[in-house]
Every structure is written in C-alpha cells, then in structure tokens.
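1. The sequence isn't on hand, but the structure is:
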C-alpha cells in the first residue's frame, strides 16, 4: 500500500549516529554486567522501604517457597576452606577439582553426602537435582548441617577478612573490604515458620544481626532518621 | 542500504579542501547487526540494581530462665493468614482479673487506612518529635552525630510503646517484612520479633478458625 520510494538510487540513510549510540550502549552494558551462574532456585523477595545495599561480602541463606534452605558464601576462598572443614567433619571425600569447582558455584541446597554428585552434575542437571531438598536444618536432631555451614563458613569468611586487612596494613594501602554479613533471602510467599527455623539456627550460634533481602519499593519518600 | 554518503549536501558548503573527491562508502549493515545483537544480549542479561536489604537485629535469648519482666506499654501484633493482623494492647490476660478485662483481639489489615493510621495514632508524639529533629537536621542546625543521638534517645524513651510482632504458622514472610516496613515507616521506637504463646494462638484460632 505504501508509496514506492522515488527511483534514482537506493534511499541512503546515515546510520552513523545510530551505530554510535548502539556501541555506546553495548560498551555501557558490557562494563556494568556482572556474570554469575544461575541460582538453583529463583525466589521473589518481598518489597520494602529498606535502602541498605546488600553487602558484597556476605553469607547468604536462601529459603524458597517450600521451605528448602540454600547456602552460599560470596567469598570463594572462604567457600573452599569451609568445604574442606565440612568434608572433614562429615567424613565426605572431595577431590581438589571438586573443591575448586564448588567455589564457583552459587548457593546450593543439598545434603553434604550428595554434594560431590551435585558438584559433578552438569549445570542444566543441577536445577532438577534429585537430592535438592535443601540443606538439612533440623533444629531438634543433631543433623543440622546448615548450622555447621553457617558456623564454619562465617569463621572462614572472617578469617579471609582479617587476612585481607593484615595484607592491606603491611602494604600500606587503603583497606576497603567489609566484614562479612549474614543475609537471608526468602520468597514473599514462604511461610514465616520456615524462616523462623533458619533464624533459630542463627541465634543458636549467637548471631543476631541479619540483612533481610528485599526488593526496592517504588515511590514515596520515607522518613528514616536512623540507619 | 546503509552507506555513508560523503560529498553530498554539506560537502559543498565546507571551505576545506578534500583530499579525495570520491565518496567513501562502507557497508555498515553487519556492524550494526552485531552491535544490536550484543546490545540486546547485554540489556536482557543486565541486573540493574544490587538487591536491597533490611537490617534487623533479633533479641538474644535470655541468659537465665527466670521470668522476664513484663513489657510495659507494649502493643502486640499477631500476624496470620490472609494478610490479617490482630492486635492487643498491654499485657496478655487469659481471663478477667483485677488487673483488667480478658484480652480481646482487634483486627487490622495492611492498608494505609488501617495499620498506618493506627500506628500514627499510637506514635504521634514520637513521630512529631523525630520529624522536628529531621527538619532541624536538614536545616543544618544539628550535627549528624547529635541528630543520631537525639533520635536514639527519643526512640528509647520509656513512654514510647514497644511493638511486639508475633506470627502464627500461616503468616508469610511478606507479612513480616510488611509489618517491619510499616513500623520503620512510622518511626516507631522499639519493635521486636517474639514467639507466639499458646493462649494467644488459641485466641487467634477463635478469631480466624483452625484452617
């Protein structure tokens, strides 16, 4: 239906500004992108007026809608060290490759006995891993692996922090790292009793301060005099 | 399709001499294709903001099993299913006694007209004082540290109510976060997460039904 362009050569369009813009945006997104592997579960946290950024150095427990707990440490060296200690404690054998591979994984939600198989599984297979029933966190029976993970992981993360601090002090540079914080990420629809179990695990370890992860709520200025 | 056409239009106006008269034509189509392909990829995979978080401190369990002193001026919220909130003021009384009548639960919900209004009313003095401080702080009449100290003092004031948040087994995580959010929003002095006790739970069941 549209009119044919007048003949006399193909219509020439100066694409240069568009290309400029496209590359500018590509550069921007490339530089701001941070790559990470897919989390074993997707949880949709509730929104809140909380404005504190999630600290980079954190130990995170994710709880999905079914109440399964997933554990993750942001510092990969601390994660490797924690796995070594956990392996010794629960008498599970890990090869050095497995430990290194483990440090690159995001959070996991399997019993430590299934962990070697989980690490070796292909990435696509991990999401539907059969033993993915959450890290055991029975607060009554002694099989509270989550508690050990938090205790050992927390200790290792603090060790890494102290080490970095000493290193920075001897090098004379500015020390920027922050102390590890404990974060809880939980789906909005999760029943609170599941969260309570996790919090009980933390408080049993005398850890009382958490960052509860939320999404930013749009609109409305908020009076928040105290941080 | 996509060519740079130099030498047309503006070329005549330029006073400078050009080394070559013929126009240089580069076919930009593949480059544009690539650029947009990459752009689409990065846009779709980009995570824009870091997740936000809410800092919360839980109470340490009491050192000994001695009975805790009752919280004066307390308001207890019981969160339950269907985003409902029930509350009562003061101490819990299982039955009528000389101290007062049996505890009755009142209902609230998470809307602005309900919970926020209630909190505003309960917390009016405190909120006014803190707002005054904020105004002063914004006007640079108060130092940051002084401001923080004063706000803290106001919050710790004995007259400000303490809000207790308790949940039953059907309340969701969202309810808890919303509740804390609302308390933060209304600049309440003290709030704390506590376990529900059996008589409260029974009273709640009476209100909402067992299932």
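-> Alright, I've got the coordinates. Everything numeric here is computed off the predicted structure, so don't read it as measured data.
2. correct me, but residue B:52 touches residue A:212?
-> No. Between residue B:52 and residue A:212 no contact is recorded; they are 9.8 Å apart, counting by Cβ atoms under 8 Å. Where C-beta positions appear, they are placed from N, C-alpha and C, glycine not excepted.
3. what about the two, which has more around it?
-> When residue B:52 and residue A:212 are compared on other Cβ atoms under 10 Å in any protein chain shown, the one with more neighbours turns out to be residue A:212, at 24 against 21.
4. what about the residue lying closest to that one once chain neighbours are set aside, is that helix, strand or coil?
-> Setting aside the residues directly before and after it, residue A:212 is nearest to residue B:54 in space (Cβ to Cβ, 6 or more residues apart in numbering or on different chains), at 4.6 Å. When classified by DSSP: H, G, I helix; E, B strand; the rest coil, residue B:54 comes out as strand.
5. sorry, back to before: what do residue B:52 and residue A:212 both touch?
-> Here residue B:52 and residue A:212 share the contacting residues A:48, A:50, scored by Cβ atoms under 8 Å, 6 or more residues apart in numbering or on different chains.
6. Name the next helix or strand following the lowest-mean-pLDDT helix or strand in chain A along the chain.
-> The least trusted helix or strand in chain A, going by mean pLDDT, DSSP states H and E, turns out to be helix A:123-127, with a mean of 75. If you walk from helix A:123-127 toward the C-terminus, the next helix or strand you reach (DSSP states H and E) is helix A:145-171.
7. And that following helix, what does it pack against?
-> Using 3 or more Cβ pairs under 8 Å, 6 or more residues apart in numbering or on different chains; DSSP states H and E as the contact criterion, the neighbours of helix A:145-171 among helices and strands are strand A:58-63, strand A:69-73, helix A:76-90, helix A:192-204.
8. List the buried residues for it?
-> Along helix A:145-171, the positions that meet the burial threshold by neighbour count (16 or more other Cβ atoms under 10 Å in any protein chain shown) are A:145-154, A:156-157, A:159-161, A:164.
9. that older thread, and chain B, which of the helices and strands packed on helix A:145-171 is closest to it?
-> The minimum distance between chain B and these falls on helix A:192-204, with 4.6 Å, by Cβ to the nearest Cβ.
10. What are the buried residues along that closest one?
-> Under the neighbour-count criterion of 16+ other Cβ under 10 Å, helix A:192-204 has A:192, A:194-202 buried.
11. Residues contacting that helix, please?
-> Helix A:192-204 is touched from outside by A:61, A:63, A:67, A:69, A:137, A:139, A:144, A:146-147, A:150, A:182, A:184, A:186, A:208, A:210, B:58, B:60-61, B:79, B:167, B:169, B:171-173, B:175-176, B:195, with contacts defined as Cβ under 8 Å, 6+ apart.
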